[in-house]
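S.K.: model the following, please.
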Amino acid sequence: MSTRIFLIATTERFAKMSVKRWAIFRAMTPDAPMRRSEIARRVNRRTVNVRRDIDGLIDLGLLVEAPDGVVLPYDVFAVRLSYPPAA
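M.R.: Got it, this is the predicted structure:
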């Protein structure tokens, strides 16, 4: 099986990633649909707040909505940030 990697290469996308959103990724298993309430239980947060973060992650293309719940379609996330040299 090949590894599917999602590269976060823009500062705008990276800026929308909070510690709590990273925790959602750590709580999920790739390709296994999870209910939002189960994710909230795993990260020990209120479902309404986790739901808001999951919707944001779906909008960023990092999670996918499925009939059985939310799916993490990637095995690895990589972050690459580059800044222009100082003038």
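S.K.: M34 pairs with what?
M.R.: For M34, the beta-bridge partners are V70 (DSSP bridges).
S.K.: how about the contacts made by it?
M.R.: Residues near M34 by CB atoms under 8 Å, 6 or more residues apart in numbering: M28, G69, V70, V71. Where you see a C-beta, it was placed from the backbone N, CA and C, and this is true even at glycine.
S.K.: can you name the two of those that sit furthest apart?
M.R.: M28 and G69 (9.8 Å; CB to CB).
S.K.: neighbour-wise, which of these two wins?
M.R.: M28 (21 against 16; other CB atoms under 10 Å).
S.K.: ok, the more buried one to L62 distance?
M.R.: 11 Å (CB to CB, to the nearest Å).
S.K.: same check on M34?
M.R.: M34 is 14 Å from L62, by CB to CB.
S.K.: torsion angles phi and psi at L60?
M.R.: Here is the backbone geometry of L60 (degrees, to the nearest 10): phi -80, psi -10.
S.K.: that one and I24 touch, don't they?
M.R.: No: applying CB atoms under 8 Å as the test, L60 and I24 come out as separate, 11.9 Å apart.
S.K.: who's more crowded, the two?
M.R.: More neighbours surround I24 than the other of L60 and I24, with 25 against 15 (other CB under 10 Å).
S.K.: checking my notes, the more buried one in a strand, right?
M.R.: No: using DSSP: H, G, I helix; E, B strand; the rest coil, the assignment for I24 is helix, not a strand.
S.K.: next up, the contacts around it.
M.R.: I39, V43, V50, D53, I54, L57.
S.K.: mind listing what's buried in the helix or strand hosting the first one?
M.R.: Under the criterion of DSSP states H and E, I39 resides in helix 36-43. Of the residues in helix 36-43, those buried under the neighbour-count criterion (16 or more other CB atoms under 10 Å) are R36, E38, I39, A40, V43.
S.K.: just the closest of those residues to K20, please.
M.R.: Distances from K20 to the buried residues of helix 36-43, taken by CB to CB, are shortest for V43, at 7.3 Å.
S.K.: and the closest one, how far is that from L63?
M.R.: V43 is 14 Å from L63, by CB to CB.
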